[in-house]
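Asks: With the input below, show me the fold.
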Amino acid sequence: METQKVPRGQVSVDVYFMLTFTNVIFRRLNAVSKKFNDENRKELSEIVDNVYILEHYKERKLSIPEALAFLRETHQEGIYDEPNALVQAKVELDLRTKKKTKFVENFRSIISFSNAFEHGTKRKVVAICKSDDDQEAAKNAGAEIVGSTDIIQMLKAGELSMENFDDLVCHGDMLIELAAIKKEINYYFPTKQRGNIGFDMARLVTHFVNGFEYKLIKDDIEPDYGYVQLPFGRLGQNDQALEENIETVLSSIDQHKPPGAPGKHSTL
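Replies: Just a heads-up that it's a prediction; the model follows:
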């Protein structure tokens, strides 16, 4: 897979006023668009010397293994001396939707990798389930607090606050009881999109305890541009593992692409 950056398409005349207004802001702030575009740069084949100004030429497109080879070379002993450094991905997003004046809303998700690595975060999770077996499975998987209606009552009474935890997972047979305090737990209420409801408590808890939370970062000036940045492995892992992990990242992010949206949603 190549780390190719694809230029954004042209936005319709229907949003001409918005774009004109944005351009005025750009001129006043002396700002530069954050969208990648090297269409007007010279071809790499035109380079005639080993010293040249990078921004005058198109960027070299690297495969994942090629990019990793460069990172490993610069992070070896005697240079950065971090041979097992975290590898980060910045994924640029086209936030346009099929409605030309509307853009993708903020989102956040939990991602876990089949090729696990230490990323320095452990998340505190509340698990709500009914049976003794499910509660035992949730505890063994690393849930901070496990219970059923007793946890719901504590949340309702304010004796327990989700402010002290990172997430809540719920067994499918407890959803009706939990719905009674939907307003109280707000963002943490289980939904299919967040994936924090299911019937396999061990898998649910493991995913949310060990997973990494990423979020969309939107640009203040360009409403159709945003990005997600997160680690997807360490240099000590092999290329295949890291390629599989980056595919996991892209698949997770693309779930947030609205139906009928124009253009390529995500770009490395």
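Asks: Assign N106 to helix, strand or coil.
Replies: coil (DSSP: H, G, I helix; E, B strand; the rest coil).
Asks: Hmm, it is touching Y214, no?
Replies: No - using Cβ atoms under 8 Å, N106 makes no contact with Y214, being 11.9 Å away. (Glycine included, C-beta is placed from N, CA and C.)
Asks: okay, these two: which has more neighbours?
Replies: Higher neighbour count among N106 and Y214: Y214, with 20 against 10, using other Cβ atoms under 10 Å.
Asks: In what element of secondary structure is that one found?
Replies: strand 212-215 (DSSP states H and E).
Asks: likewise L93?
Replies: Short version, using DSSP H and E: L93 is in strand 86-94.
Asks: mind checking how far that strand is from the chain centre?
Replies: 8 Å (Cα atoms, centre = their mean, to the nearest Å).
Asks: Following element in sequence after it, please.
Replies: Once the chain leaves strand 86-94, the next helix or strand it forms, by DSSP H and E, is strand 108-111.
Asks: List the strands paired with the next helix-or-strand element following that next one, with their directions.
Replies: Using DSSP H and E, the helix or strand that follows strand 108-111 in sequence is strand 125-128. Applying DSSP bridges, strand 125-128 is found paired with strand 145-147 (parallel), strand 167-171 (parallel).
Asks: Let me know the angle separating the helix or strand that comes right after strand 125-128 from strand 167-171.
Replies: Going down the chain from strand 125-128, the next helix or strand is helix 132-141, by DSSP H and E. Calculated by axes from the mean of the first three to the mean of the last three Cα atoms, to 10 degrees, helix 132-141 forms an angle of 150 degrees with strand 167-171.
Asks: buried stuff in helix 132-141?
Replies: For helix 132-141, a neighbour-count test (16 or more other Cβ atoms under 10 Å) marks 134-135, 137-139, 141 as buried.
Asks: since we're on L155, how many residues are nearby?
Replies: Neighbours of L155 using other Cβ under 10 Å come to 21.
Asks: got it, and E73?
Replies: There are 10 residues near E73, going by other Cβ under 10 Å.
Asks: For this protein, give me the ranges with low pLDDT.
Replies: Along the chain, the model assigns pLDDT under 70 to residues 1-32, 36, 263-268.
Asks: Who are the contact partners of the residue nearest in space to the middle of it?
Replies: In the chain, the C-alpha closest to the average C-alpha coordinate belongs to Y214, at a distance of 3.8 Å (Cα atoms, centre = their mean). Neighbouring residues of Y214 by Cβ atoms under 8 Å, 6 or more residues apart in numbering: 108-109, 111, 228-230, 253.
Asks: List the beta-bridge partners for it.
Replies: S109.
Asks: That one and Y227, how far apart?
Replies: 10 Å (Cβ to Cβ, to the nearest Å).
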